[in-house]
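**Student:** Pasting a predicted model and its sequence here:
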Amino acid sequence: MKRILLGTLFAAVSINAMAEAPGGPNCGWGNMLFEGQRGTPAHFLASTTNGTSGNATFGMTSGTNGCSTKASLTYGGKSWLAMNGMMNELSEDMAQGQGEALTTYAVVMGVAPEDRARFASVTHEHFQQIFNSADVNAETVHTNTLAVLKTDPQLAKYATEA
């Protein structure tokens, strides 16, 4: 059941993630073809057109097709932890020092397989610091996790805002 929930979670996050397109919001033939249109279908078709033809990549390297790589990429989506009640599952796994949600969190944070046991151990040891209140939100959990990782010599390299 946990695997189904995690799969659903990642599918929902990937479908709903709305970051600025690489190369900028005006980049690629898809954006040109569907210019002025709104809604998920138009965005999906523009993205598919850009992705399948490779024209956005060409535009970014050549400075054509309305593309630019000068601006910083942004992400305005919601934290994956807040989706589908993952906070409860993560808190249970972290309190136990093991579990699928905790492993998934480590993977999402980019923790290498050889460091995941240490990640589970350290987050378990600092559970009270990471989940510091009953009504803690996902952003606070993530910020607290990063703070804990920064104090561990082996895991400090993963303590970056991504």
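**Tutor:** That came through fine.
**Student:** Quick one: mean pLDDT over stretch 134-153.
**Tutor:** For stretch 134-153, the mean per-residue pLDDT is 90.
**Student:** what's the answer for stretch 46-57, then?
**Tutor:** On average, stretch 46-57 scores 75.
**Student:** Return the set of buried residues in that stretch.
**Tutor:** Going by neighbour count (16 or more other Cβ atoms under 10 Å), the buried part of stretch 46-57 is 46-47, 49-50, 55-57. Any C-beta I mention is one placed from the backbone N, CA and C, and that applies to glycine too.
**Student:** Also stretch 120-133?
**Tutor:** For stretch 120-133, a neighbour-count test (16+ other Cβ under 10 Å) marks 120, 122-124, 126, 130-131 as buried.
**Student:** ok so, going back, tell me the one of the buried residues of stretch 46-57 nearest T145?
**Tutor:** Taking Cβ to Cβ as the measure, T145 lies nearest S47 of those, at 31.4 Å.
**Student:** what's the closest non-adjacent residue to the closest one?
**Tutor:** Leaving aside its sequence neighbours, S47 sits nearest to G30 (Cβ to Cβ, 6 or more residues apart in numbering; 6.2 Å).
**Student:** Tell me which residues touch the one you found, please.
**Tutor:** Counting by Cβ atoms under 8 Å, 6 or more residues apart in numbering, G30 touches 45-50, 55-56.
**Student:** Fine by me, thanks again.
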